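A.B. asks: 3D model of this:
(chains A and B)
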Amino acid sequence: MSFLVAFNWGWIAGAAALGFATGWVSPISRVRSLSTMTMRTSFAVVVALVAVSLWRVLPGRPGYWLDLGLVMFGAYLLGGAVGSWLRYVLLLRPDRPRGEEG
Amino acid sequence: MSEFSNWVRKWWPGLIPLAALWVAAIWTGTVPIEQHLTVQAAAALKDSVLDKTQIEVSGRDVRLSADAFSEQGRRTAVDQVASVPGVRLVTDQTQLIAEVVPFTWSVERDVVHVTLSGNVPLPAIKARLLEAAHNAANGTEVVDQMALARGAPVRFDAAALLLIDQISKLKEGKISLANTKVTLEGSAREIGGREAIAAALKNLPEGYTVEKNALYAPPYLFQVNKDPVASTLTLSGYVPDNNAHAAILSAIERKFVGEKVDDKLKASAGAPQGFLAATTAALSALSRLSTGTLTIQDRDVTLAGDALYPGANTRISDELAAKLPQGWKQKSELTVKPVATPVNATICQQLLTGLLAKGTIRFETGKAVIDPDSAGLLDRLIEAVLRCPTSQIEIAGYTDSDGDKEANLALSTRRAQSVADYLIKAGIPKERISAVGFGSERPVASNDTEEGKAQNRRIEFVVR
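C.D. replies: Model prediction:
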């Protein structure tokens, strides 16, 4: 894991930045929200993929690609969480004066 | 919290560029990471003893194939690759090299090649043997036909290196090792090469033995040519060492009468057993010839030439055969020198006196037994006596002044009689010979010095 991060830190940072941006804009985004069913399905797929990765089911390059994909996806989620939380803390908290975001 | 959950439901649009980013990371990063892991895995195996090592990296998974030389070495190699940071899985395709029984190895030399073949236990040992072979081959091409195998005896490398060192002493041949047994065949480059190799093989590691030494060496040659015209003995060929050389020269001095010695002998190992005894006996025989050649080749003695009087040729040949050490063969091609023209008594006396001036008939100390070294001189005296068939010969014996006068007289008489008997046995008519002893009378030199005493102990021939 640490080797994967060390070797691909640029791409993972990019994924985290992308997640941050997505998380930052998501409170004001007008895109369609995913249904609960879709969220659950997606969660199940991710858990399955993590299991495949941990059990090292996929050999060779596909195994490496899956590991990298999951790490980047994790960074994306982390970035998204930080982005949304910062937006909330900085601009959306009820005890703060309303800013330009409304 | 439900607000955050709503925001998360709107994160999906970012997944499209994330997928693009992932593809880009795969596209640009897969080969470099594989190369990086290949280098790291190879570095981890740097100190491992393996052969035919192949490292193939796919993603972060390593396929390791290699020939290992022990089970522990094989496991260690796999563990070392697995511990390289970043490696996810190791597919172990290592295998132990075959174990061979018996463990055989050989070094062979022909005219243009030195060939190493058989089994070696480790690549490092193989490299050392090849380097040693290059050094020993001295420019000859070295061919490597060795294969790696398990099952080598303890200290195989030391034994093989010692055997390779011997190849420089071979003209052609093969030195083989089967477990701890050494076999040698072929021919040595020089006289003594066989012995030099046998001596070197005494340093084989403990437990190693020479099972068969079938090496041949060039024949060990010793030759003496006796030229009566130039009165020269020409010595050529080999002697085992300086002591033997000195012993041979000393024997020549005792046995031959007045010949110059042209010494071209060289010292070399490889002499057959009993060389000095055989050479001494053969020189005794040669000393009794007028002209002759003595050739000793390994254990074959060939004597050719002319004896000095009829019957001497057979006697010389028989005596030589009896004196040679066991295992030696002799071949005599002896004829008899034609009888020289008869001379009168005066010249006969001159001939006999001349011969006795060059040499002395020797006896065992205090006894009347003729020293065998005097045979050459006696044969010459007999030849001279045969040239004056009508003359009477008186053989006079003398001693020095040491000891009892009566005893000296008796000893001198017995000694003169011994010489007379010798001449009669050689074919001189009994009635022509008389023996007289004079004891210490008529000294020819002072009895005060050892040198003078030696001159006084003598046999004289008087022609009447």
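A.B. asks: The residue of the stretch 51-200 of chain B found nearest chain A and residue B:223: what is the separation?
C.D. replies: In the stretch 51-200 of chain B, the residue that lies nearest chain A is residue B:59 (3.0 Å; CB to the nearest CB). Glycine gets a C-beta too; all of them are placed from N, C-alpha and C. In this structure, residue B:59 and residue B:223 are 83 Å apart, going by CB to CB, to the nearest Å.
A.B. asks: higher neighbour count, the two?
C.D. replies: Neighbours were counted for residue B:59 and for residue B:223 using other CB atoms under 10 Å in any protein chain shown; residue B:59 has more, 23 against 17.
A.B. asks: Just to check, that one is in contact with residue B:29?
C.D. replies: No: at 10.5 Å, residue B:59 does not count as touching residue B:29 under the criterion of CB atoms under 8 Å.
A.B. asks: Get me the contact residues on chain A for chain B.
C.D. replies: Chain A comes close to chain B at residues A:2-4, A:7-8, A:11, A:14-15, A:18-19, A:21-23, A:26-27, A:29, A:31, A:33-34, A:39, A:56, A:59-65, A:67-69, A:72-73, A:76-77, A:80, A:84-85, A:88, as judged by CB under 8 Å from any CB of the partner chain.
A.B. asks: On the three-state scheme, residue B:76 is what?
C.D. replies: Secondary structure assignment for residue B:76 (DSSP: H, G, I helix; E, B strand; the rest coil): helix.
A.B. asks: ok, now residue A:58?
C.D. replies: For residue A:58, the assignment made with three-state DSSP gives coil.
A.B. asks: burial of it, as a residue count?
C.D. replies: Using other CB under 10 Å, residue A:58 is surrounded by 17 other residues.
A.B. asks: which residues touch the closest residue to it other than its chain neighbours?
C.D. replies: The shortest distance from residue A:58 to any residue other than its chain neighbours is 5.5 Å, reached at residue A:66 (CB to CB, 6 or more residues apart in numbering or on different chains). Remark: with contacts taken as CB atoms under 8 Å, 6 or more residues apart in numbering or on different chains, residue A:66 is in contact with A:49, A:52-53, A:58.
A.B. asks: List the buried residues of stretch B:182-202.
C.D. replies: Along stretch B:182-202, these residues count as buried under the neighbour rule (16 or more other CB atoms under 10 Å in any protein chain shown): B:182, B:184-186, B:188-189, B:191-197, B:201.
A.B. asks: swap in stretch B:304-316?
C.D. replies: Neighbour counts using 16+ other CB under 10 Å place B:304-309, B:312-313, B:315-316 of stretch B:304-316 among the buried residues.
A.B. asks: can you list those residues in TSV and add pLDDT and distance to chain A?
C.D. replies: Converted to TSV, these look like this (pLDDT from 0 to 100; distance: CB to the nearest CB, whole Å):
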residue	pLDDT	distance to chain A
B:304	94	89
B:305	94	93
B:306	94	98
B:307	94	99
B:308	92	102
B:309	92	105
B:312	92	101
B:313	92	98
B:315	92	99
B:316	94	95
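A.B. asks: And the furthest pair within the residues you listed?
C.D. replies: B:304 and B:309 (17.7 Å; CB to CB).
A.B. asks: For the stretch 201-350 of chain B, which segments are assigned as helices?
C.D. replies: B:242-255, B:275-287, B:312-323, B:345-358 (DSSP state H, counting those that start in this stretch).
A.B. asks: Serialize the contacts of residue A:66 to CSV and add fields for pLDDT.
C.D. replies: Formatted as CSV, the entries for these read as follows, by pLDDT from 0 to 100:
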residue, pLDDT
A:49, 96
A:52, 95
A:53, 94
A:58, 91
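A.B. asks: wait, residue B:370 sits on residue B:422?
C.D. replies: Yes: taking CB under 8 Å as the definition, residue B:370 is a contact partner of residue B:422 at 6.3 Å.
A.B. asks: Now for the two: what residues contact both?
C.D. replies: When contacts are counted by CB under 8 Å, 6+ apart, residue B:370 and residue B:422 are jointly contacted by residue B:378.
A.B. asks: returning to what we had before: contact partners for the residue of the stretch 51-200 of chain B closest to chain A?
C.D. replies: Residues in contact with residue B:59, defined by CB under 8 Å, 6+ apart, are A:59-65, B:30, B:33-34, B:88.
A.B. asks: From the residues you listed, list just the buried residues.
C.D. replies: Neighbour-count burial within the contacts of residue B:59 applies to A:60-61, A:63-65, B:30, B:33-34, B:88; the criterion is 16+ other CB under 10 Å.
A.B. asks: Can you name the two of the residues you listed that sit furthest apart?
C.D. replies: Put simply, by CB to CB the two of the buried ones among the contacts of residue B:59 set farthest apart are B:30 and B:88, 13.4 Å from each other.
A.B. asks: what sits against the closest residue to the residue of the stretch 51-200 of chain B closest to chain A other than its chain neighbours?
C.D. replies: Nearest residue to residue B:59, sequence neighbours excluded (CB to CB, 6+ apart): residue A:64, at 3.0 Å. Contacts for residue A:64 were tallied using CB under 8 Å, 6+ apart; they are B:30, B:33, B:59-61, B:88.
A.B. asks: Apply 10 Å and report the result again.
C.D. replies: Applying CB atoms under 10 Å, 6 or more residues apart in numbering or on different chains, we find residue A:64 in contact with A:4, A:58, B:26, B:29-30, B:33-34, B:57-61, B:86, B:88.
A.B. asks: quick one: it from residue B:27, how far?
C.D. replies: For residue A:64, the distance to residue B:27 (CB to CB) stands at 13 Å.
A.B. asks: do the same with residue B:456
C.D. replies: Look at residue B:456 and residue B:27: by CB to CB, they are 121 Å apart.
A.B. asks: One more: residue B:260?
C.D. replies: Noted for residue B:260: a distance of 101 Å to residue B:27, by CB to CB.
A.B. asks: now do residue B:444
C.D. replies: Residue B:444 is 122 Å from residue B:27, where distance means CB to CB.
A.B. asks: Now find how far off-centre the helix or strand hosting the residue nearest to residue A:58 is within its chain.
C.D. replies: Following DSSP states H and E, the helix or strand that holds residue A:66 is helix A:60-87. Relative to the mean C-alpha coordinate of its chain, helix A:60-87 is positioned 5 Å out (CA atoms, centre = their mean, to the nearest Å).
A.B. asks: What are the buried residues along it?
C.D. replies: A:60-61, A:63-81, A:83-84, A:87.
A.B. asks: hmm, back to that, which members of the buried residues of stretch B:182-202 occur in strands, if any?
C.D. replies: Judged by DSSP state E, the buried residues of stretch B:182-202 include B:182, B:184-186, B:188 as members of strands.
A.B. asks: possible to save the residues you listed as CSV with pLDDT and distance to chain A?
C.D. replies: Conversion of those to CSV gives the following (pLDDT from 0 to 100; distance: CB to the nearest CB, whole Å):
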residue, pLDDT, distance to chain A
B:182, 95, 52
B:184, 94, 55
B:185, 93, 56
B:186, 92, 56
B:188, 89, 61
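A.B. asks: out of residue B:456 and residue B:27, which sits in the busier spot?
C.D. replies: Regarding residue B:456 and residue B:27, a neighbour count based on other CB under 10 Å identifies residue B:456 as having more, with 20 against 9.
A.B. asks: My understanding was that that one contacts residue B:400; is that so?
C.D. replies: Yes: assessed by CB atoms under 10 Å, residue B:456 is found in contact with residue B:400 at 4.5 Å.
A.B. asks: what's the overlap in contacts for these two?
C.D. replies: The overlap between the contact sets of residue B:456 and residue B:400 (CB under 10 Å, 6+ apart) consists of B:440, B:443, B:445, B:447.
A.B. asks: For the residues you listed, which single residue is the most surrounded?
C.D. replies: residue B:440 (21 neighbours).
A.B. asks: Could you look up the SS state of it?
C.D. replies: In the three-state summary, residue B:440 is assigned as coil, counting by three-state DSSP.
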